[in-house]
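Participant: have a look at this prediction, sequence included:
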Amino acid sequence: MSVEVVEYNGVKYAEIIWADMQVEKTTFFSPADSSFQFGLLAHQAGFIEPPHFHKAVSRTIDDLQQMFVVQRGVVVVDLFSDDGEKLREITMGQGDAIVLIHGVHAIRVVEDMQCISVKQGPYLGEAEDKVFVEVKQ
């Protein structure tokens, strides 16, 4: 499975990099125009990247994507369509990573878990950040 894209009606809802995925060289899976880049860095022993920084460039971002990587435990991610239909249940374990691109999502913790979570900022607080949705089970 390694890398998986979850789409529904032509809309990309998520990208998953399963823990068993290996690449020979740095590979990004997100389209270049995506507001959130998702990939794997890979170099052979001895590689040295020169000291550098990334240029500050004004960007307009009108979506909020979230990525997380499971460090320990088991978590289930449920994906829902815009009209609340359950699209997919994804069980993730140690080393699995997902970027949530579109739509409604929920998580259920099966085994005590810890995940690295990354999303665009700034964080405006839960009242401004989250919209809770009634979905069809």
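Facilitator: All right, it came through fine. Note that the structure is a prediction, hence the values are computed from the model and not measured. Numbers count the residues shown, from 1 in each chain.

Participant: which parts of this protein are helices?
Facilitator: In the chain, the helices defined using DSSP state H lie at 126-129.

Participant: report the central residue of it.
Facilitator: For the chain, the residue sitting closest to the mean C-alpha position, by C-alpha atoms, centre = their mean, is residue 99 at 1.1 Å.

Participant: go ahead and confirm it touches residue 67.
Facilitator: Yes. With contact defined as C-beta atoms under 8 Å, residue 99 reaches residue 67; the gap is 4.3 Å. Any C-beta I mention is one placed from the backbone N, CA and C, and that applies to glycine too.

Participant: joint contacts of the two?
Facilitator: Here residue 99 and residue 67 share the contacting residues 36, 38, scored by C-beta atoms under 8 Å, 6 or more residues apart in numbering.

Participant: show me what counts as buried in stretch 24-34.
Facilitator: Within stretch 24-34, the residues scored as buried using 16 or more other C-beta atoms under 10 Å are 29-30, 34.

Participant: now what about the lowest-mean-pLDDT helix or strand in the chain, what contacts it?
Facilitator: Lowest by mean pLDDT, DSSP states H and E among the helices and strands of the chain is helix 126-129, with a mean of 78. Under the contact criterion C-beta under 8 Å, 6+ apart, helix 126-129 has outside partners 64, 123.

Participant: and it, how far out from the chain's middle?
Facilitator: Taking the mean of its C-alpha atoms, helix 126-129 sits 20 Å from the chain's own mean (C-alpha atoms, centre = their mean, to the nearest Å).
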